[in-house]
Structure formats: structure tokens, C-alpha cells
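Visitor: Here you go, sequence then predicted model.
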Amino acid sequence: MTGATGDTLIELRDVHKIYGQGTEAEVHALRGITVAITRGEFVAIMGTSGSGKSTLMNLLGCLDRPTSGSYHLAGREIARMSKGELAETRNEVLGFVFQNFNLLSRTSALENVELPLIYRGEKSKVRKARAKESLERVGLGQRMGHTPNQLSGGQQQRVAIARALVGKPEVLLADEPTGNLDSRTSTEVMALFQELGESGITVVLVTHEPDIAEYASRVLVVKDGVVVSDERKTPKRAADELDRVSQGSAAIAAQLARTKAEAEAAR
Amino acid sequence: MSPFQILLVAMRALWRNKLRSFLTTLGIIIGVGEVISMMAIGAGAKAQVESTFAAMGTNLLIVLPGAANTSGQRGGFGSGQTITWDDFSAIRDEVPTVKHAAPSLRSSQSIVAGEVNWTTSVTGTTPDYFDIRNWPVASGSAFTQSDIDAGTKVIILGQTVVEKLFGANADPVGQSVRVGTTPFNVIGVAAKKGQSASGQDYDDTAFLPATTFAQKIQGGLNRYLSGQIYVEAISSDATERAEKDVTALLRQRHHLTDRDDDDFSIRNLSEMADSRQQSADTMTALLASVAAVSLLVGGIGIMNIMLVSVTERTREIGVRMALGAKPYNVLLQFLTEALVLSMLGGLVGVIIGVGTAQWIAIRFGWATLVQPQVIMLSFAFSAFVGVVFGVYPARKASQLDPIEALRYE
Ligand SMILES: Nc1ncnc2c1ncn2[C@@H]1O[C@H](COP(=O)(O)OP(=O)(O)OP(=O)(O)O)[C@@H](O)[C@H]1O
Ligand SMILES: [Mg+2]
């Protein structure tokens, strides 16, 4: 597989998805989506609720197959793959961060992160080492033995990201990865995603928040199952934003310290 | 995924629901335990029948007066005194396949020693009887041919009778007892023989010379022998031959033509042993099938819990699939869980079954015999049950759709 940026990694052509086809409750969730995503791109998908974003993500993530149309991922046609081949593709090419984390309960962070490697048949030692490395990368090196219910929402989200990254995927898919996070943690996650983008990983994320979309290099807007806008732009850098915020908070801290000192001097 | 890895994941999943896993395996534990203890009882009973008949000798024939009726049973008592003392002598002396023959005249009599009396089964016989029954005299001596010829009033007591009349460990040789009104001199004590398979005490008995018995108890010696004749063939292979020879001899002596039925019957102990063994086998099969049914019920319990488990863990299955678990990974995982459950159950069941068999042997004094092949078989069967009842839930899990599974609440 060629790793150079510039070639097309994801290609959807006239993709339709119809839920409950043939029944009364038939929903035409996607109505002809044609998109090509280049290796290394950072794409944000936006749109109102029910517009079909999650449906599109599930297709991109090989969790589901289109009703019609074609989906090529890294040169291979997904629509005709068997369940086993889809599983293999999910395991080797993709990393998925779910909206609701989907960590295994009563299972330590480390074991959760190991999961994709288990199905790749890696040896226990290799798995442990790589899971550890991945958790350290998201800043959770100290929390590896904790189970999800012993972790905060933001920490759980980072475990989920570590799990998506542990298999060194070509594409990272994230459905509202910042939906449950405060703005500072969101910015941290975005900084991490941008860093991944720089290391050659293609990132596709779904978001409701325009602030988040600002960090992407390309924004797709979906409405009623079709792409209504597709715009490339220069992204805002999340790392700079973090610096600015921390400088700001440092200034506030300094101000506080000064006030306190003054108050003490006055006594 | 390596088999070890699969096993580890399965064990971990089961450990998370310790109590439930244990309760689920209980069905298998009880099933296997039951199979093993029941089979041990069956096999023990069979072995005991075997050893009992071996002790009595498989080359033993019993000649009874009176024809065997159509159902193979002897007619009522006194259905003809057809065997004479001369017949007995002829059997003993003229048939080459016969090693020993001894009469067995039997009656229940009250034996009195001083103030104590005890009712027991008294047998009138000849010295050969003790050879035929492999039953030596432990102290004193057996009676001799001259006792038979003279009809002397001597008696040999069984151990139980000695105990009842004289107390444990007493040596009554030389003492006098009365049978009815007749005084007898105790000349010997028979060796301890123990119990029969049906619990009858062999040692609750006493022996008199056959002639004395006929005169003093049967009210006079006449032509006819009112009892049975024990015949020992020269070897167990020759038993059938001896049976034919004795039959031919008696038919000839009784002047029976081809159209006449036998006016006597002969029982072959090895045939009796076979039929007892068959009934022991039937009992074993019956017990085992009851136990097998409970194993089956245990299997259904496993299936039930695995189905619950699949439903409960639908999301987990979805997550694993989304991360790259193939359908067969999921299938294998749940199948392994079912297998671990049933095999652990089988293992504990084996231990409990063997323990129960031991306990029954000690507590009730039953002979039990745990056969290794039964252990292997019931263990294998429990594993088999695990696979059979694990397949459906595992298949169900493996065919889940990842998205549906992830969305499951
Ligand atoms: N499994 C399903 N069965 C039937 N209809 C479905 C299913 N999943 C989604 N839909 C329908 O398809 C349409 C698109 O749903 P989707 O989840 O993709 O929206 P979304 O853009 O992700 O919305 P949100 O922002 O609220 O997450 C909706 O009308 C929804 O009701
Ligand atoms: Mg959605």
C-alpha cells in the first residue's frame, strides 16, 4: 500500500442507504453520496440531527454496507466483502471512536486498548507494549489499570481514542468525539487528531460544533442524505489554541497570586 | 487468537459472574456425580455377584428331586421323592466327570446349649460337602465316613451359632448341645464364611452327618433322599458335560423312556450367576440412564445461561466485532465458555461422584467400584453436552450484526 499523501483513500460513488427497505417504515437515510477523500486529509462532517451523518460514518467504518452505490477503501470494494473480510478491514485499516465510547465495562483501560490487537493475533507481550504506548500517547499512562467506571468522561474518551490508534490505522473515524467533553479537553483531543493527521493518518469526524470543524482541513455538510456543501480551508491549529488558553490561565493565576499577596500585605 | 487466549477470555467472562457460572455448572456437577456414583454401585453389585459365585464354585451343580415344570421352576415341596440314596452313590462313584457329590438335607432346628437356645438352619451331609463348598472346619474336625456309616450324634457349628450359644471367641469343641431332644457332641466349628450378596448369613448354620439327620430329624432313614445333592464337576469346563452325564445316569436308573420327562432337575450355578449378572447389568443401565437424563438437563441449563449471556453481552459482542472480531472468533469464544462451564462441571462432578461412591461404601457397607472408563466417559459426555448446547447460543452471537449489536440497550 502506498503511503504517499495525495492519492485517494476513500471513494464513495452514488451511495444510497435505505433502512427497512420494503417495509412501511422505510427510511432513505442516504440519497446518493459521492465523495473522495485523500490520504492525510482531516475531514469534518456536519449537518442537522437525522441528516445521515452516523449512517455515513457506519458505512465508512465498514460496519454496514450501502444499499446501492460503491465504496472503495484503499483500492478495495467494500460492498462485496464478506462479514469476515469486513471485520478484517475494520481491524487493519480503520480505527473507530464511538460517540458513546463503547468501552468494555469491568475491563481495564489497557485490556480495552489491547482488543484490536487480540483479533490481529498479536502475542501478549507485543499487545501490552503497544497498548501502553498508545495510552501514553493520549496522556493516560498513569491510568492503565483503571476500569471505565473509574475514569472520567474525558479519560474514557481518550481510552477510546487510544484503542482506535493502537492498530496503527490508515483512517481514524470519530463520531462526535467531543460531544461529551468540555471545551478545553475538546481542544486537546483536536490537537491530538491534528498531530495524527500530520503523521499521515486520515481523520474523518462528525461534529455539531462549528468550533470543532474549524480544526479540519475540509468540511462536508450533509442534509437529508445528500452532501450540500464541500469546502476545503486552512485549519486552525489546536496546539496554538491550547498555548493561548494556558497563557491566559497562567495570567489569571498570576493575577490571583498578586491580589492575595496584596490582601496579606494590607493586614 | 490463540487457543490459550480464547480460553483466558472465556475464563475471565465466567469469573465475572462467579455465582451464576457455579449455579449453571451445578446441573452438570450433579449429573456427572450421579453417573459415576450410580455406575460404581452397579459395578460393585456385579463384582460382588461374581465373587460370590466364584466362591461357591462355577463347577457346582445342584440335583433336586421332582420335575422342573414348564416355567422352569420346581414343583412344590414333596412333589415326589424321586432320588434315592443309591442314586446319590451312583452319581458320586460312577460318573467320571463328577469329582465330589454330597447330599444336603435341610431343616430349621432349635439348638440348645445349657440354658441358651438358637434356631438355625441345620444341614445333614457327608464330608465331601466341605470340599464342594470350599468350607473348611476351623477348629476341631469334620465328620468322617465312619460317622456317616454309624450315624453318630456329632455336630459341626457355624460361627454365628457358636457366638449365639457360647459367646464370641468361645471354643465349644467337646461340649454337648441338644437338637430337639437329641444330645449331640460338638466336634468342630466351620470357618467363617460371611454374608451372601443378598445379605444372608452363611455362618448361621450347623452340620450333622446325613444319616444321623435322616434318622433323628427326618424321622427315619429310608430309600429316598429327602433333600438335594451338591455335585462338583472335575473342572468348570466339564460342568456342562457333568450335567449331561448325571442326567443320563438318573434317567437310566429311573427307567425313563424317551417320552418321559425328567423326574428330577439340575441347577447349574454358572447359569444362575449369568442371570444375576444380567439383572445387575440391567440395574446399572437403568441407574445410568436416569443419571444421563440429569446430565442432559444440566446441558439445557448451560444453554439457557449462555443465551442469557449472549443477550446481556450484545453490546460487548458489537464492540468486539467493530474492532475486528470475525464471526468465528465470537462463535469460538462463546463455545469455549460453554465448554469450560461443562468441563469444569464434569471435573467437579467426577470428584464428587468418586467421593459419593466411597461414602456409600463406608456408610452403607455396599460394594462400590469406580471404573476409570466410566470417569472418562462421563467427563467426555459432559464436554459433549457443553458443545451441543453451546453451539446454538454461540451461533446466535456470531451472527449478530455489529451495528445492531452496538445500538442494543
Ligand atoms: N437502524 C435504523 N433503522 C431505521 N432508521 C434509521 C436507522 N438508523 C438511522 N435511521 C434513520 O436514518 C436517518 C439518519 O440517521 P443518522 O443516525 O445517520 O442521523 P445523524 O445525522 O447521525 O443524526 P444525529 O446528529 O442526531 O446523530 C434518521 O432519519 C434515522 O431515523
Ligand atoms: Mg449520529
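Guide: Now that the structure is in, tell me what you want to look at. Ligands and ions are numbered 1, 2, ... in the order given.
Visitor: how about stretch B:206-225: buried residues?
Guide: Using 16 or more other Cβ atoms under 10 Å in any protein chain shown as the test for burial, stretch B:206-225 gives B:206-218, B:221, B:224-225. C-betas here are computed from N, CA, C, even on glycine.
Visitor: any idea which helix or strand of chain A has the worst average confidence?
Guide: helix A:238-266 (a mean of 78; mean pLDDT, DSSP states H and E).
Visitor: What is it packed up against?
Guide: Other helices and strands packing on helix A:238-266, by 3 or more Cβ pairs under 8 Å, 6 or more residues apart in numbering or on different chains; DSSP states H and E, are helix A:183-198.
Visitor: What pairs with whichever helix or strand comes after the helix it packs on, parallel or antiparallel?
Guide: Later in the chain than helix A:183-198, the nearest helix or strand by DSSP states H and E is strand A:202-206. If you go by DSSP bridges, strand A:202-206 pairs up with strand A:42-47 (parallel), strand A:171-175 (parallel).
Visitor: what comes up buried for the one helix or strand residue A:129 maps to?
Guide: For residue A:129, the element it lies in under DSSP H and E is helix A:124-137. Neighbour counts over helix A:124-137 (16+ other Cβ under 10 Å) mark A:127-128, A:130-132, A:134-135, A:137 as buried.
Visitor: How about stretch A:62-82?
Guide: Quick answer for stretch A:62-82 (16+ other Cβ under 10 Å): A:62-67, A:69, A:71-74, A:78, A:81.
Visitor: rewinding a little: contacting chain B as well, which ones from the buried residues of helix A:124-137?
Guide: The subset of the buried residues of helix A:124-137 within reach of chain B, counting by Cβ under 8 Å from any Cβ of the partner chain, is empty.
Visitor: Check these against residue B:264 and report the nearest one.
Guide: Comparing these against residue B:264 with Cβ to Cβ places residue A:127 closest, at 86.5 Å.
Visitor: Quickly find the element holding the nearest residue to residue B:43 once chain neighbours are set aside.
Guide: The shortest distance from residue B:43 to any non-neighbouring residue, by Cβ to Cβ, 6 or more residues apart in numbering or on different chains, is to residue B:369 (4.0 Å). Using DSSP H and E, residue B:369 falls within no helix or strand.
Visitor: Spell out which parts of the stretch 1-150 of chain A neighbour chain B.
Guide: So far as Cβ under 8 Å from any Cβ goes, the stretch 1-150 of chain A lies against chain B at A:58, A:61, A:63-64, A:83-84, A:87-88, A:90-92, A:96, A:98, A:102-104, A:106, A:115-116, A:118-121, A:124.
Visitor: Could you list which residues are in contact with residue B:141?
Guide: Residue B:141 makes contact with B:187-188, according to Cβ atoms under 8 Å, 6 or more residues apart in numbering or on different chains.
Visitor: distance of it from ligand 1?
Guide: To ligand 1, residue B:141 is 101 Å away according to Cβ to the nearest ligand atom, to the nearest Å.
Visitor: Next: residue A:150.
Guide: 28 Å.
Visitor: Count the residues that sit near that residue.
Guide: 12 (other Cβ atoms under 10 Å in any protein chain shown).
Visitor: ditto for the one 4 residues further on
Guide: The number of residues packed near residue A:154 is 17, by other Cβ under 10 Å.
Visitor: Skipping adjacent residues, who's closest to it in space?
Guide: residue A:185 (4.3 Å).
Visitor: Model confidence for that neighbour, exactly?
Guide: We have a pLDDT of 82 for residue A:185.
Visitor: before we move on, what about residue B:64?
Guide: On the pLDDT scale, residue B:64 gets 89.
Visitor: Next up, identify which helix or strand it is on.
Guide: strand B:60-65.
Visitor: which strands and helices sit next to that strand?
Guide: Looks like strand B:60-65 contacts strand B:228-233, helix B:239-253, strand B:264-268, helix B:269-312 (3+ Cβ pairs under 8 Å, 6+ apart).
Visitor: Give me the mean pLDDT for the first one.
Guide: Taken as a whole, strand B:228-233 has a mean pLDDT of 92.
Visitor: now swap in the second one and tell me
Guide: The predicted model gives helix B:239-253 an average pLDDT of 91.
Visitor: For it, buried residues please.
Guide: Those would be B:239-243, B:245-247, B:249-251, for helix B:239-253 by 16+ other Cβ under 10 Å.
Visitor: Which strands or helices does it pack on?
Guide: strand B:60-65, helix B:85-94, strand B:98-113, strand B:228-233, strand B:264-268.
Visitor: Residue 52 - how many residues pack around it?
Guide: Just going to use chain A. For residue A:52, using other Cβ under 10 Å, the count is 24.
Visitor: that's the other chain; I wanted chain B
Guide: Count around residue B:52 with other Cβ under 10 Å applied: 16.
Visitor: for the host helix or strand of it, which positions count as buried?
Guide: Under the criterion of DSSP H and E, residue B:52 resides in helix B:18-56. The neighbour-count check on helix B:18-56 (16+ other Cβ under 10 Å) flags B:21, B:24-25, B:27-50, B:52-53, B:56 as buried.
Visitor: Run through these and flag the ones next to ligand 1.
Guide: Among the buried residues of helix B:18-56, no residue sits close to ligand 1 (Cβ under 6 Å from any ligand atom).
Visitor: Throw the helices and strands packed on strand B:60-65 into JSON lines and include distance to residue B:130, thanks.
Guide: Putting the helices and strands packed on strand B:60-65 into JSON lines (distance: least, Cβ to Cβ, whole Å) gives the following:
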{"stretch": "strand B:228-233", "distance to residue B:130": "11"}
{"stretch": "helix B:239-253", "distance to residue B:130": "20"}
{"stretch": "strand B:264-268", "distance to residue B:130": "20"}
{"stretch": "helix B:269-312", "distance to residue B:130": "17"}
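Visitor: ok and the least confident helix or strand of chain A relative to helix A:183-198, angle-wise?
Guide: 150 degrees (axes from the mean of the first three to the mean of the last three Cα atoms, to 10 degrees).
Visitor: Quick check: residue A:61 vs residue B:403, distance?
Guide: To residue B:403, residue A:61 is 9 Å away according to Cβ to Cβ, to the nearest Å.
Visitor: quick one: which of these two has more around it?
Guide: Here residue A:61 and residue B:403 are compared on neighbour count by other Cβ under 10 Å; more neighbours surround residue A:61, at 26 against 17.
Visitor: Verify the contact between the more buried one and residue A:98 for me.
Guide: No. With contact defined as Cβ atoms under 8 Å, residue A:61 does not count as touching residue A:98 (9.4 Å).
Visitor: Angles on the backbone of the nearest residue to residue B:173 once chain neighbours are set aside, please.
Guide: Nearest non-adjacent residue to residue B:173, counting by Cβ to Cβ, 6+ apart: residue B:140, 3.8 Å away. Here is the backbone geometry of residue B:140 (degrees, to the nearest 10): phi 80, psi -150.
Visitor: Could you give the bridge partners of residue B:140?
Guide: With DSSP bridges as the rule, residue B:140 is bridged to residue B:188.
Visitor: in what helix or strand does the closest residue in space to residue B:296 that isn't next to it in sequence lie?
Guide: In space, residue B:296 comes closest to residue B:385 once its chain neighbours are excluded; the distance is 7.0 Å by Cβ to Cβ, 6+ apart. Assigned by DSSP H and E, residue B:385 belongs to helix B:372-398.
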